[in-house]
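Peer 1: starting from these lines, generate the structure:
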Amino acid sequence: MKGHFFSILVCIVGGAVQTTADEVPADGGMLFEKHCARCHGTDGTGNGNASGNLNTRPPDLTKIAARRDGVWPMLEVMSIVDGYTKQTTPREEMPLISALTDGPVVEFDTGNGLFTEVPARLIAVANYLESIQSPKPERYVP
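Peer 2: Numbers count the residues shown, from 1 in each chain. Have a look, this model is predicted:
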């Protein structure tokens, strides 16, 4: 299932979220604080309390778009957060956080008229990370 889900995401273009009226997306900031801030810091800059115990310092998550020339890579961010790709070094200490991939799903608008169900919490965290980019993204890619 996980491999299939990732394959779908890699082939997708776009990145808007569409939910139905009875679906309430999770709060990405709260999820980040609960599951990510220990290492990445409450501000996302990589200075969390546990960061000193790691072999590799956690990256500054406020500079994802800046490191990509102003582009916000929604699907890449989602695939890193959900742990499906551990191809980019260094990520061996990045845990798989099932709390972000379990639970309710929402339809994810792929940007080309196709929708796929994606964990609401995963999208919420990715949207939160987009909101803390400094400088703000200039362009968007899937």
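
Peer 1: do you have the helices of this structure handy? List them.
Peer 2: 2-11, 28-35, 37-40, 64-67, 74-82, 120-131 (DSSP state H).

Peer 1: who's in contact with Arg57?
Peer 2: Counting by C-beta atoms under 8 Å, 6 or more residues apart in numbering, Arg57 makes contact with Gly46, Ser51. The way it works is simple: take the backbone N, C-alpha and C, and place the C-beta from them, glycine included.

Peer 1: sorry, slip of the keys, the one I care about is Trp72.
Peer 2: In this structure, Trp72 makes contact with Ile64, Ala65, Glu130, Gln133, Pro137, Arg139, Tyr140, Val141, judged by C-beta under 8 Å, 6+ apart.

Peer 1: okay, now the first one: neighbour count?
Peer 2: Other residues near Ile64 come to 21 when the count uses other C-beta atoms under 10 Å.

Peer 1: repeat for the second one
Peer 2: Other residues lying near Ala65 total 22 when counted by other C-beta under 10 Å.

Peer 1: repeat for Arg139
Peer 2: Residues near Arg139, counting by other C-beta under 10 Å: 11.

Peer 1: does it have beta-bridge partners, and which?
Peer 2: Beta bridges link Arg139 to Val71 when assigned by DSSP bridges.

Peer 1: tell me where the model's unsure across this protein.
Peer 2: 1-25, 84-91, 110-111, 142 (pLDDT under 70).

Peer 1: isn't Gly83 up against Ala99?
Peer 2: No. With contact defined as C-beta atoms under 8 Å, Gly83 does not count as touching Ala99 (11.8 Å).

Peer 1: so for those two, which residues contact both of them?
Peer 2: What both Gly83 and Ala99 touch, as defined by C-beta under 8 Å, 6+ apart, is an empty set.

Peer 1: the two: who's more crowded?
Peer 2: Higher neighbour count among Gly83 and Ala99: Gly83, with 17 against 12, using other C-beta under 10 Å.

Peer 1: what's the nearest residue to that one if we skip its chain neighbours?
Peer 2: Take Gly83 and drop its neighbours on the chain: the residue closest to it by C-beta to C-beta, 6 or more residues apart in numbering is Leu96, 3.8 Å away.

Peer 1: count the neighbours of that neighbour for me.
Peer 2: As a burial measure, Leu96 scores 12 neighbours (other C-beta under 10 Å).
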